[in-house]
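Colleague: Prediction below, plus the sequence it came from.
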Amino acid sequence: MQPRISRKDRDRILAGIHKKYRKVADSPEGLFKFPTGKAGLKGLGYAPELIRALPEKVAASYCGVGNPFSIGAIHKDESVLDIGCGAGVDTIFAGLMAGPAGKAVGIDLTAEMLRRAEANLALTDLKNITFKRASGEKLPFEDSRFDVVISNGAINLIPDKDAAVKEAMRVLKPNGRLMIADQILKGGINPDKRERIDKWAR
Ligand SMILES: C[S@@+](CC[C@H](N)C(=O)[O-])C[C@H]1O[C@@H](n2cnc3c(N)ncnc32)[C@H](O)[C@@H]1O
């Protein structure tokens, strides 16, 4: 269980996320402490054939913190949900692996990131991918809808992580797979709560 976050702190967290990811939607370059774009994809060990399949502009918009597919591949015809899809690179990879009879859906809270994801998708010829604006805390899907739920660098940003994990489990089919790449805080928590909230999305 995580400590409760007040409505006021939650609003500040969401404003900070929006401020940061509005910029990231233009380009992630220089905005993270880890490599982004194609260098990030290569460094995190994404399969070379997947990287080769991406238009350069799409690869350049990648800002994941890990490689959710290092946990396992997506199989043909599977349905996949990507929580906090950002510019949609992992969603596009999932759609590629699932093939034309499979499906990948990306959700994100930030409208600008979703616009980038749609623009990225338009640079491919994939027809099995959709994007939708939603929060990981309340997924707009029925129970047991997806074979796999992936997420890359988004759960750490979500204020109510318990709700996010419950929602991910709810939309997974029985024996479905949850494949999360994310960051965790190690060491002591900054005692200054205000600073902690203000730096949430850094
Ligand atoms: C590190 S980026 C994701 C990178 C992406 N997976 C990729 O392949 O490049 C984190 C994303 O989480 C989104 N996000 C933050 N809070 C969210 C929430 N409550 N629900 C859904 N998405 C959220 C942000 O808008 C941002 O696009």
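Modeller: Yes, it's here. Numbers count the residues shown, from 1 in each chain.
Colleague: who in the chain is up against the ligand?
Modeller: Applying C-beta under 6 Å from any ligand atom, we find that the chain lies next to the ligand at 17, 21, 62-64, 84-87, 89-90, 107-110, 113, 135-137, 152-154, 157-158. To be clear about C-beta, it is placed using only N, CA and C from the backbone, and glycine gets the same treatment.
Colleague: which among those residues end up buried?
Modeller: Buried residues within those, counting neighbours by 16 or more other C-beta atoms under 10 Å: 17, 21, 62-64, 84-87, 89-90, 107-110, 113, 135-137, 152-154, 157-158.
Colleague: Next step: these restricted to strands.
Modeller: 107, 108, 152 (DSSP state E).
Colleague: In terms of distance to the ligand, which of those ranks first?
Modeller: residue 152 (3.7 Å; C-beta to the nearest ligand atom).
Colleague: which ones are touching the closest one?
Modeller: When contacts are counted by C-beta atoms under 8 Å, 6 or more residues apart in numbering, residue 152 touches 64, 65, 66, 67, 68, 82, 84, 86, 90, 180, 181, 182.
Colleague: Which parts of the chain are helices?
Modeller: Taking DSSP state H, the helices of the chain run over residues 7-24, 37-43, 48-53, 56-60, 89-98, 111-122, 161-171, 193-198.
Colleague: Mean pLDDT for the ones you listed - can I get that in JSON lines?
Modeller: Output for the helices of the chain, formatted as JSON lines (pLDDT from 0 to 100):
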{"stretch": "helix 7-24", "mean pLDDT": "94"}
{"stretch": "helix 37-43", "mean pLDDT": "97"}
{"stretch": "helix 48-53", "mean pLDDT": "97"}
{"stretch": "helix 56-60", "mean pLDDT": "97"}
{"stretch": "helix 89-98", "mean pLDDT": "98"}
{"stretch": "helix 111-122", "mean pLDDT": "98"}
{"stretch": "helix 161-171", "mean pLDDT": "97"}
{"stretch": "helix 193-198", "mean pLDDT": "80"}
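Colleague: winner for burial among the ones you listed?
Modeller: When the helices of the chain are scored by mean count of other C-beta atoms under 10 Å, the highest mean neighbour count falls to helix 89-98 (a mean of 26).
Colleague: From the contact counts, what lies against that helix?
Modeller: The elements that helix 89-98 packs onto, with contact taken as 3 or more C-beta pairs under 8 Å, 6 or more residues apart in numbering; DSSP states H and E, are helix 48-53, helix 56-60, strand 79-83, strand 103-108, helix 111-122, strand 129-133, strand 146-152.
Colleague: For the fourth one, output the C-alpha coordinates as PDB.
Modeller: Spelled out, that is strand 103-108. C-alpha atoms of strand 103-108 as PDB (Å, rounded to 0.1, in the frame of the first residue of the first chain):
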ATOM      1  CA  LYS A 103      -3.900  -5.900 -32.000                       C
ATOM      2  CA  ALA A 104      -2.000  -3.300 -30.000                       C
ATOM      3  CA  VAL A 105      -3.700  -0.400 -28.100                       C
ATOM      4  CA  GLY A 106      -1.700   2.400 -26.500                       C
ATOM      5  CA  ILE A 107      -3.200   4.700 -23.800                       C
ATOM      6  CA  ASP A 108      -1.600   7.900 -22.400                       C
END
